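Asker: Any chance you could fold what I've pasted below:
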Amino acid sequence: MDTSTAEITFLGTGTSIGVPVIGCDCAVCSSDDPRNKRLRASIVVRTEESTILVDAGPDLRQQALRDGLTELDAVVFTHAHSDHVMGFDDLRRFTVGEDALLDIYANASTLERLQVAFEYAFNGQNRYYGYLKPKSHLIDGPFEVGGWQITPLPVTHGKVDTIGFLFSKAGERRFAYIPDAKTLSIEAMNHIQGIPLLIIDGLQPMHHYTHLSIPEAIEVAQQSGAKQTWLTHCSCRVDYAQTEADLPDGISLSWDGLKLQC
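Answerer: Prediction:
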């Protein structure tokens, strides 16, 4: 991989309860199609310069083992919901050495949630070999990490402060990742106009109060003029083969393990 190329791996493409869902025997949860098996939503972004994880949900250990993820330079968080932060303790494998720190980037409410749930990692008393040693960075505007310029994209999603991210290199917009959203702010829409690659929430075919439905996600993608859009954070109401067949040109359904170049 040269320094101008980035690889995005979908570690998970599922909603908060994953697919299959515990206790559900619907056609999708019972499906043999591996593209209908969805761990909680997360991506990892690799270049020759850096490896950056976006969100650390409760499936992180399984995702890292499957993907061969052994090194991380930073983790950035979209919001504080459990399906995006509750794998935080598994990040200890990336701070094994006594002096090894892992940069984490999050907004104020997400940092607060992490510091409460994982107090032992932040109190400064457990800086030992093999322990989790995060170095916190507050997201309050655009920031740089691992050769990327990352711009937070404000969105509405339930009652928590939630952001997506625009990833740029050398001033060139490469892609946007917005896994949890019901509506995008004017600021966010302005940032993704004409973007080469958009990854966005597409929970299910029907309306939902805190997530974009697939028709709503398609509308956002078409309004943005994105050249290629991938839907993620899907529930068991989304059968891969049936849904993919009905999507417009330039819009596709992602699956766990999918790798994209940008």
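Asker: And stretch 162-178, end to end?
Answerer: Stretch 162-178 has an end-to-end distance of 9 Å (C-alpha to C-alpha, to the nearest Å).
Asker: Contacts for that stretch next, please.
Answerer: Residues outside stretch 162-178 that contact it (C-beta atoms under 8 Å, 6 or more residues apart in numbering) are 4, 6, 8, 43, 45, 47, 54, 76, 78-79, 107, 139, 147-156, 179-181, 184, 188, 191-192, 195-201, 262. (Each C-beta comes from the backbone N, C-alpha and C, glycine too.)
Asker: quick one: average confidence on it?
Answerer: On average, the pLDDT along stretch 162-178 is 97.
Asker: Is I218 part of a helix or strand, or is it coil?
Answerer: Following DSSP: H, G, I helix; E, B strand; the rest coil, the label given to I218 is helix.
Asker: can you tell me which residues contact it?
Answerer: G202, T229, L247, P248, I251.
Asker: Between those residues, identify the one with the most neighbours.
Answerer: Highest neighbour count within the contacts of I218, by other C-beta atoms under 10 Å: G202, with 31 neighbours.
Asker: For the contacts of I218, name the two members farthest from one another.
Answerer: Of all pairs drawn from those, the one with the longest distance (C-beta to C-beta) is G202 and P248, at 12.4 Å.
Asker: At which residues are the helices of the stretch 101-250 of the chain located?
Answerer: Here the stretch 101-250 of the chain has its helices, by DSSP state H, counting those that start in this stretch, at 108-117, 119-122, 186-191, 214-224, 240-246.
Asker: Would you mind putting the ones you listed into a markdown table with distance to R66 alongside?
Answerer: Formatted as a markdown table, these follow (distance: least, C-beta to C-beta, whole Å):
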| stretch | distance to R66 |
| --- | --- |
| helix 108-117 | 24 |
| helix 119-122 | 24 |
| helix 186-191 | 31 |
| helix 214-224 | 26 |
| helix 240-246 | 18 |
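Asker: how close does S136 sit to Q149?
Answerer: Distance of S136 to Q149, computed by C-beta to C-beta, to the nearest Å: 20 Å.
Asker: which one of the two has more residues nearby?
Answerer: Neighbour count, other C-beta under 10 Å: between S136 and Q149, Q149 has more, with 17 against 13.
Asker: where does that one sit relative to S42, distance-wise?
Answerer: Distance of Q149 to S42, computed by C-beta to C-beta: 21 Å.
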